[in-house]
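# I need the structure of the sequence given here:
(chains A and B)
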Amino acid sequence: MDMSATGFAVFAFAAFLIPVPLLAWLDRAPRQPPETD
Amino acid sequence: VYAGHFAAGLAIKGRSPSTPTWGLLLGVGLLDVLFGPFVLLGIERVSMTPAVSPGFSLDYIDWSHSLATSLVWAGLYGALWLGRGRRTAALMAAAVFSHFLLDLPVHPADMALWPGSDVHLGFGLWRALPDGWWFVELGVIAAGVGYYWARSRKIGSFGRRAWAVATVVVLLHVMNAPWLAPM
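Residues are numbered from 1 along each chain as shown, chains lettered A, B, ... in the order given. Sure thing, here's the model as predicted:
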């Protein structure tokens, strides 16, 4: 295994993990409007 | 396929808004999350092919990406979610297996039926359309993210910043363009 393959493997691993929390955070539920009497 | 997998996860989210988003997005990428450590451990092999699209050759990915192991990973991942109900577990499993289905038209024949099988699947869009595959995947992204966005507007229980979700997924796809970087 050469270093380019190592780098590619690390890249693939990170590329599929790093966006997950960001996308999940952006997807969270909309704010509910404050209730009025 | 890269950003197209996230689009698939978001489409499932649009179909089933109560399913945890992070679980779906982790699921759609699980086969490549496994692929990384498998290469580092010497279980699977990849080599760089700068002159041949898509810039790398997946020489042996039978454990992360074969049809049989994709089903196994999907089943195991779904089982982890059984505490949230059968429907959630099934959707999580579907998210994992969607990775195989989306890779199938794009990969050259490098996805085995099972580890060690002589039969390998893959219709080879990466090779047949060295640049054009990017636009095909863009169409998949537009369909998946568009559906997610429309459902978020209609249902209102998720997707506070659906426009930002769409922007991030498209940016990830741009970063993966064949004239910029391989994936």
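# contacting residues around residue 14?
In the absence of a named chain, chain A is used. With contact set as Cβ atoms under 8 Å, 6 or more residues apart in numbering or on different chains, A:Ala14 has these partners: B:Gly36. In this view, the C-beta of every residue, glycine as well, is placed from N, C-alpha and C.
# The chain in question should be chain B.
Taking Cβ under 8 Å, 6+ apart as the criterion, B:Gly14 is in contact with B:147-152.
# go on, B:Ser53?
For B:Ser53, the residues meeting the contact criterion (Cβ under 8 Å, 6+ apart) are B:126-127, B:130-131, B:133, B:178.
# which intervals of chain A have sub-threshold pLDDT?
Using pLDDT under 70 as the threshold, the predicted model of chain A has low-confidence ranges A:1-3, A:30-37.
# Can you pull the residues of chain A lying near chain B?
Applying Cβ under 8 Å from any Cβ of the partner chain, we find that chain A lies next to chain B at A:1-2, A:4-6, A:8-17, A:19-24, A:26-31.
# just to revisit the earlier point, out of the contacts of B:Ser53, who has the most neighbours?
Comparing those by number of neighbours (other Cβ atoms under 10 Å in any protein chain shown), B:Trp126 comes first, having 25 neighbours.
# Could you count how many residues lie near residue 6?
In the absence of a named chain, chain A is used. The local packing count at A:Thr6 equals 14, with neighbours defined by other Cβ under 10 Å.
# that's the wrong chain, I meant chain B
The local packing of B:Phe6 (other Cβ under 10 Å) involves 27 other residues.
# shouldn't it be in contact with B:Leu26?
No: between B:Phe6 and B:Leu26 no contact is recorded; they are 10.5 Å apart, counting by Cβ atoms under 8 Å.
# Buried only: go through the contacts of B:Gly14 for me.
Among the contacts of B:Gly14, those scoring as buried are B:147-149, B:151-152 (criterion: 16 or more other Cβ atoms under 10 Å in any protein chain shown).
# what subset of these is also close to chain A?
By Cβ under 8 Å from any Cβ, the members of the buried ones among the contacts of B:Gly14 lying near chain A are B:Ser152.
# Restricted to helices, list the buried ones among the contacts of B:Gly14.
B:147-149, B:151-152 (DSSP state H).
# Same list, these, but as a markdown table with pLDDT please.
Shown next, in a markdown table, are those (pLDDT from 0 to 100):
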| residue | pLDDT |
| --- | --- |
| B:Tyr147 | 97 |
| B:Tyr148 | 97 |
| B:Trp149 | 96 |
| B:Arg151 | 95 |
| B:Ser152 | 94 |
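# Looking at those, which is nearest B:Trp63?
Within these, distances to B:Trp63 taken as Cβ to Cβ reach their minimum at B:Tyr148, with 30.8 Å.
# With just CA atoms, put the longest helix anywhere in chain A into PDB.
Counting residues, the longest helix found in chain A (DSSP H) is helix A:3-17. Provided in PDB are the C-alpha atoms of helix A:3-17 (Å, rounded to 0.1, in the frame of the first residue of the first chain):
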ATOM      1  CA  MET A   3       1.000   6.600   0.700                       C
ATOM      2  CA  SER A   4      -1.400   7.900  -2.000                       C
ATOM      3  CA  ALA A   5      -3.700   4.900  -1.300                       C
ATOM      4  CA  THR A   6      -3.400   5.700   2.400                       C
ATOM      5  CA  GLY A   7      -4.300   9.300   1.800                       C
ATOM      6  CA  PHE A   8      -7.200   8.300  -0.400                       C
ATOM      7  CA  ALA A   9      -8.600   6.000   2.300                       C
ATOM      8  CA  VAL A  10      -8.300   8.600   5.000                       C
ATOM      9  CA  PHE A  11      -9.900  11.100   2.600                       C
ATOM     10  CA  ALA A  12     -12.900   8.800   1.800                       C
ATOM     11  CA  PHE A  13     -13.400   8.100   5.500                       C
ATOM     12  CA  ALA A  14     -13.400  11.800   6.500                       C
ATOM     13  CA  ALA A  15     -15.400  12.900   3.500                       C
ATOM     14  CA  PHE A  16     -18.300  10.800   4.500                       C
ATOM     15  CA  LEU A  17     -18.200  11.600   8.200                       C
END
